[in-house]
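**Student:** Pasting a predicted model and its sequence here:
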2 protein chains.
Amino acid sequence: MTKRKPVRTAAAVPVAAEREQRPPIEAIRAAAFQQFAERGYPVVTVRDIMKACGLTQGALYNHFKSKDELLHDIIASTQGELERICQQAVAGAGDDPRAKLAAFVRVYVMRHCRLRVEALVANREIGWLDAARVADIRRSRRAIRDVVVAILRQGVESGLFDPPLTGGRQDLKAIAMALLDQWTHVSMWYGPGGQIAEEEMSRLYADMALRAVGARP
Amino acid sequence: MTKRKPVRTAAAVPVAAEREQRPPIEAIRAAAFQQFAERGYPVVTVRDIMKACGLTQGALYNHFKSKDELLHDIIASTQGELERICQQAVAGAGDDPRAKLAAFVRVYVMRHCRLRVEALVANREIGWLDAARVADIRRSRRAIRDVVVAILRQGVESGLFDPPLTGGRQDLKAIAMALLDQWTHVSMWYGPGGQIAEEEMSRLYADMALRAVGARP
DNA sequence: ACTGCCCCTGAACGGTCGTTCATTTGGCAG
DNA sequence: CTGCCAAATGAACGACCGTTCAGGGGCAGT
């Protein structure tokens, strides 16, 4: 076989009602999100994206400099928003590190359930960006991880958390990474058709996190 | 720019000593693992893989029917081996569900640290396989998940585990998924250059898991 | 020395890719 | 009704893709 095999059958048919309501640049962003999430950046062609919003290939370049810039645009906006709401959730949760952690998990997991598609793209497709752009995204991720580390540290210092030891000492960074992996990848298997609602999902994850770090009741 | 931008600079230079010691089919497998892990299946070309082991494009088809089959071959062997050692670890851990869970986590995390590259490819690149092949892999994953679910169920029924509730009842499948996500994705950020040894890593994760499911001490 | 077989080579094929660009379109200010 | 310009078109370009295939050693068995 010499023809390139489509990973899934085809691009979605453009929905006329959707096409005409919002400005084309928004339609492009939405279509790109959908397609990148479903089939992955490298195999989604510019032609696919534009067909999905009822335009032709060339029109992309009236709005974005390149396919690369389009990807960075949608990832960066998602990531920036995530960082913002995480910090906001912690700031508005009082002083108790248990409440802070619970608030963080609630917001983080809820978002990764509700905006499954966006989360999926932002977490899976960074690698295709060039070095400068990828560094930008990774900085934001580190910032989010450090928020978790700060909560853990406060919990340990106040005696409210008693996390497991690693080689005789506490490695809060590793624990934060392990927890974040867990929360992030809900977006890989959670489906709106699933049995569990988003609220219950985020409560389950918050429960597990508080137990994992040995929070006092 | 009309030239396709390489995601990372180039294929590795073939190491002569490595090339001549093992049969070519093994060299191809190894090179494919490395390249798929570093740059991703769709952007790694057949020419890249073969150049990395000192051959030319056409020689691939003396050993594999297609690029697809090559990917499935290396993923399936990794996945099969994982399923095997997981079941073996549980079988050899006695009757206590706490010991079973600990043994499972130890083997699973250790493998994902030690064979980072293989785990990365097996977990990230399945989507490129055709439907029949991907179903095969997913079956194996479900089997592994069900091993975890069975351990949890035994723990609950014997009163040794007290996992968090979800909407009033226990959703052991969701808990198993959450834990497996955590263990699987060590391979995404654990580096041999890291401060933590593999053994301590797997102990940390086992600790967190036992706490998360509310294991009695 | 010859045959048959396995493996490799490298040109070639049909296709798709991201991007460019001359041209056309369509809506609105004057 | 006219002129204008941002936005869309679709053919074209050069590059590279996975795969095929005719040809060419090298080596085992006879």
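**Tutor:** Received it, and whenever you're ready, just let me know what you need.

**Student:** Break chain A down into its structural domains.
**Tutor:** A:16-62, A:67-212 (automatic domain parsing).

**Student:** low pLDDT regions in chain A?
**Tutor:** Along chain A, segments meeting pLDDT under 70 span A:1-21.

**Student:** which residue is nearest the centroid of chain A?
**Tutor:** Note on chain A: the residue nearest the mean C-alpha position is A:Ala119, at 2.9 Å, using CA atoms, centre = their mean.

**Student:** Please see if the helix ranked longest in chain A touches chain B.
**Tutor:** As assigned by DSSP state H, the longest helix anywhere in chain A is helix A:131-157. No. Helix A:131-157 lies apart from chain B when judged by CB under 8 Å from any CB of the partner chain; the minimum separation is 9.6 Å. Just so you know, the C-beta spots here come from the backbone N, C-alpha and C atoms, and that holds for glycine as well.

**Student:** Could you pull out the buried residues of that helix?
**Tutor:** Applying a neighbour-count criterion of 16 or more other CB atoms under 10 Å in any protein chain shown, one finds A:133, A:136-137, A:140-141, A:144, A:147-149, A:151-156 buried in helix A:131-157.

**Student:** and the strand or helix carrying A:Thr78 with helix A:131-157, angle?
**Tutor:** Using DSSP states H and E, A:Thr78 falls within helix A:67-91. Inter-element angle recorded for helix A:67-91 and helix A:131-157: 20 degrees (by axes from the mean of the first three to the mean of the last three CA atoms, to 10 degrees).

**Student:** Show me which positions of helix A:67-91 end up buried.
**Tutor:** Buried-residue list, helix A:67-91, by 16+ other CB under 10 Å: A:67-68, A:70-76, A:78-79, A:82-83, A:86, A:89-90.

**Student:** Which one of these is nearest to chain B?
**Tutor:** A:Asp68 (7.7 Å; CB to the nearest CB).

**Student:** That closest one touches A:Leu129, doesn't it?
**Tutor:** Yes. In this structure A:Asp68 lies within contact range of A:Leu129 using CB atoms under 8 Å: 6.7 Å.

**Student:** Near the closest residue to DNA strand D within chain A, how many other residues are there?
**Tutor:** With CB to the nearest atom of the strand as the measure, A:Gly58 is the residue of chain A nearest to DNA strand D, at 2.1 Å. Each residue near A:Gly58 was counted by other CB atoms under 10 Å in any protein chain shown, and the total is 10.

**Student:** again with A:Arg216
**Tutor:** 11.

**Student:** after the longest helix of chain A comes which helix or strand?
**Tutor:** For helix A:131-157, the succeeding helix or strand toward the C-terminus, using DSSP H and E, is helix A:172-184.

**Student:** now that following helix against helix A:131-157, angle please.
**Tutor:** Using the same axes, to 10 degrees: helix A:172-184 against helix A:131-157 is 110 degrees.

**Student:** could you say which helix or strand contains the nearest residue to A:Ala52 once chain neighbours are set aside?
**Tutor:** The shortest distance from A:Ala52 to any non-neighbouring residue, by CB to CB, 6 or more residues apart in numbering or on different chains, is to A:Ala31 (4.1 Å). Here A:Ala31, judged by DSSP H and E, is contained in helix A:24-39.
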